[in-house]
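Novice: Below is the structure, and that's it, no one-letter string:
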DNA sequence: CATGAATATTTCATTTTATGAAGTAATTTG
DNA sequence: CAAATTACTTCATAAAATGAAATATTCATG
């Protein structure tokens, strides 16, 4: 770490790397890994579908509104990557699940992103492991709780 | 780390955390830290303006096209947060620099994001420092080189 | 030093994408 | 069983990204 960079707080330094990494990955993934008919949101939906999920659950996970999920699901369905199935527990609801082709696409996406991460991050295998451990901790905090903020209006309910 | 999560490669685990963190931060920042008239791109421009930068340099840093930077600069200028100044080295070029108000806004943004990071990451002070060190390494690899990819058509030139 | 090619930015038209309000169907409440 | 709520979709609208062309300046070259 250079002196230049020491003037930033640890939090800021953490964010600088995360943001740079995300934007770089996002741009390259969009250009190389995603088919032209597939936008960023569709990619994110694919990644969340490691298990069947309800449309509403996806909207909540992706921090977006139901109409966006509907649109993304439509496009993915047209590409044959996902299928809408009725939710046995609630006949209003639909679960989105990957087709065989969808799994293949998702696998490719994950593999491509992993390879890209190695290239772009420049970390050694050992550093990647360290980074992964901390990163996973963050992941669990975010997905596990969701209600970190003090303001109750921000804790997941949008309507 | 749970057994559940062990089935993912270190690279994937690294990315899961980074993506979750980014999306969460992005959403909350947009809702709370940015003024309504200010979009995500404007926020990113502000963060890059720790020093005056040319419009083109910003486009390259932000991985977007010149028209987007022009539009963002227009909006920020209308809010009184930035100023366009002629580049002494090249009369075609303009450098964008923060006004006093812009610095204040940027400071707020950085402080707000840092505080938010503490909350959502759930890491201890010590873990934050570790994470920051690795994260900064990634940051330097990305910003320092830019030409990591093998394919020459992807190494920064868009036209 | 004049001319053509390249570069920096902007403008404009177009397409994508996100957002909000209303609509339909099913569930829950009382 | 009626009213209120919830899940999803549709549609209209607003916001954002993208590409092509225009202007001004610089650079390369003969």
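Specialist: Looks like it arrived, so ask away. This structure is a prediction, so every number in the text was calculated from the model and none was measured.
Novice: Where does the most centrally placed residue in chain A sit, in terms of helix or strand?
Specialist: Centrality entry for chain A: nearest residue to the mean C-alpha point is residue A:44, 4.6 Å, by Cα atoms, centre = their mean. In this structure, residue A:44 sits in helix A:40-48 according to DSSP states H and E.
Novice: That helix and DNA strand D, any residue contact?
Specialist: No: using Cβ under 7 Å from any atom of the strand as the criterion, no contacts between helix A:40-48 and DNA strand D are found, and the smallest distance is 9.5 Å. In this view, the C-beta of every residue, glycine as well, is placed from N, C-alpha and C.
Novice: List the buried residues in that helix.
Specialist: Neighbour counts over helix A:40-48 (16 or more other Cβ atoms under 10 Å in any protein chain shown) mark A:41-47 as buried.
Novice: for stretch A:89-107, same thing?
Specialist: Of the residues in stretch A:89-107, those buried by neighbour count under the rule 16+ other Cβ under 10 Å are A:94-96, A:98, A:102, A:105-106.
Novice: okay, among these, which ones form the most distant pair?
Specialist: Taking Cβ to Cβ as the measure, the buried residues of stretch A:89-107 span a maximum distance of 20.2 Å, between A:94 and A:105.
Novice: what's the single longest helix in chain A?
Specialist: The residue-count maximum for a helix in chain A (DSSP state H) belongs to helix A:100-121.
Novice: Show me what that one is packed up against.
Specialist: Other elements packing on helix A:100-121 under the criterion 3 or more Cβ pairs under 8 Å, 6 or more residues apart in numbering or on different chains; DSSP states H and E are helix A:10-28, helix A:40-48, helix A:125-144, helix B:10-28, helix B:125-144.
Novice: and DNA strand C, which of those is closest to it?
Specialist: For DNA strand C, the closest of the helices and strands packed on helix A:100-121 is helix A:40-48, at 4.4 Å, according to Cβ to the nearest atom of the strand.
Novice: what sits up against the closest one?
Specialist: By Cβ atoms under 8 Å, 6 or more residues apart in numbering or on different chains, the surrounding residues in contact with helix A:40-48 are A:26, A:29-30, A:33-34, A:58, A:61-62, A:64, A:68-69, A:71-73, A:75-76, A:81-82, A:96, A:98, A:102, A:105-106, A:109-110, B:19, B:23.
Novice: Just the buried ones among the residues you listed, please.
Specialist: Applying a neighbour-count criterion of 16+ other Cβ under 10 Å, the buried members of these are A:29, A:33-34, A:58, A:61-62, A:64, A:69, A:72-73, A:75-76, A:81-82, A:96, A:98, A:102, A:105-106, A:109-110, B:19, B:23.
Novice: Flag the shaky bits of chain A, pLDDT-wise.
Specialist: Across chain A, the ranges flagged by pLDDT under 70 are A:1-4, A:145-159.
Novice: Close to DNA strand C: what parts of it are there?
Specialist: Counting by Cβ under 7 Å from any atom of the strand, the positions of chain A adjacent to DNA strand C are A:39-41, A:64-68, A:71, A:90-92.
Novice: If we only consider those, which is nearest to residue A:134?
Specialist: Once Cβ to Cβ is applied, the member of the residues of chain A next to DNA strand C that ends up nearest residue A:134 is residue A:40, at 25.2 Å.
Novice: what's the distance between the nearest residue to residue A:22 once chain neighbours are set aside and DNA strand D?
Specialist: Using Cβ to Cβ, 6 or more residues apart in numbering or on different chains and skipping residues adjacent in sequence, the residue nearest residue A:22 is residue B:22, 4.3 Å away. Taking Cβ to the nearest atom of the strand, to the nearest Å as the measure, residue B:22 and DNA strand D are separated by 15 Å.
Novice: tell me the contacts of residue B:22?
Specialist: Counting by Cβ under 8 Å, 6+ apart, residue B:22 makes contact with A:18-19, A:22.
Novice: strands paired with the longest strand belonging to chain A, and their directions?
Specialist: Of all the segments of type strand in chain A, defined by DSSP state E, the longest one is strand A:90-98. Based on DSSP bridges, the pairing partners of strand A:90-98 within the sheet are strand A:53-54 (antiparallel), strand A:82-87 (antiparallel).
Novice: Can you tell me which of those strands is nearest to residue B:125?
Specialist: Checking the strands paired with strand A:90-98 against residue B:125 by Cβ to Cβ gives strand A:53-54 as the closest, at 35.2 Å.
Novice: Next, see if that closest one gets close to DNA strand D.
Specialist: Yes: residues of strand A:53-54 contacting DNA strand D under Cβ under 7 Å from any atom of the strand: residue A:54.
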